[in-house]
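predicted model follows, preceded by the sequence.
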Amino acid sequence: QVPRAPSQPLASSEGRRFTSKHSKKALKASLTLGILLGMFFVAWLPFFVTNVAQAVCGCVPAGFFDVLTWLGYCNSTMNPIIYPLFMRDFKRAMGKFLPCCRRSGEPRPSAISLSMRNSNSGPRAATSLKNVL
């Protein structure tokens, strides 16, 4: 057996603060995920049920099927609205690139700074498909 060193317990207020902060983040993440999944099921479940019913009996009108398809498409348009409402990091990232969301004091990123930021390092030798394979 390996002797176990006694661990020092966190101060009670520091431990509570960490637990409270962690639980708030977990609650917010689960709320966001619940809303996204709930909207997904509300939008796409009728489509899939109708799709199965159409395959079995062929009794679904084409217009109704189109409406349910567009309901699912509307779900996809809601995701970019939901993410900024509930996620601060997503909101900040979008604010850097969209002129409508940028604060007045923030400079607009240039194409060069974006490409340098996206590359993992500075200048590197060009790689061709032949070199990769």
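Received the coordinates, thanks.

what is the end-to-end distance of stretch 52-66?
Terminal residues of stretch 52-66 lie 15 Å apart, using C-alpha to C-alpha, to the nearest Å.

so C59 makes contact with A53?
Yes. Using C-beta atoms under 8 Å, C59 makes contact with A53 at a distance of 6.9 Å. Using the backbone N, CA and C atoms, a C-beta is placed for each residue, glycine as well.

for the chain, longest helix please?
The single longest helix within the chain, with elements called by DSSP state H, is helix 12-56.

give the next helix or strand downstream of that helix.
Downstream of helix 12-56, the first helix or strand assigned by DSSP states H and E is helix 62-86.

on that earlier part again, show me what the longest helix of the chain is packed against.
helix 62-86 (3 or more C-beta pairs under 8 Å, 6 or more residues apart in numbering; DSSP states H and E).

which residues touch the helix it packs on?
28, 31-32, 35-36, 39-40, 42-44, 46-47, 50-51, 54, 90-91, 94, 101 (C-beta atoms under 8 Å, 6 or more residues apart in numbering).

re earlier: for C59 and A53, indicate the residue with more neighbours.
Higher neighbour count among C59 and A53: A53, with 13 against 7, using other C-beta atoms under 10 Å.
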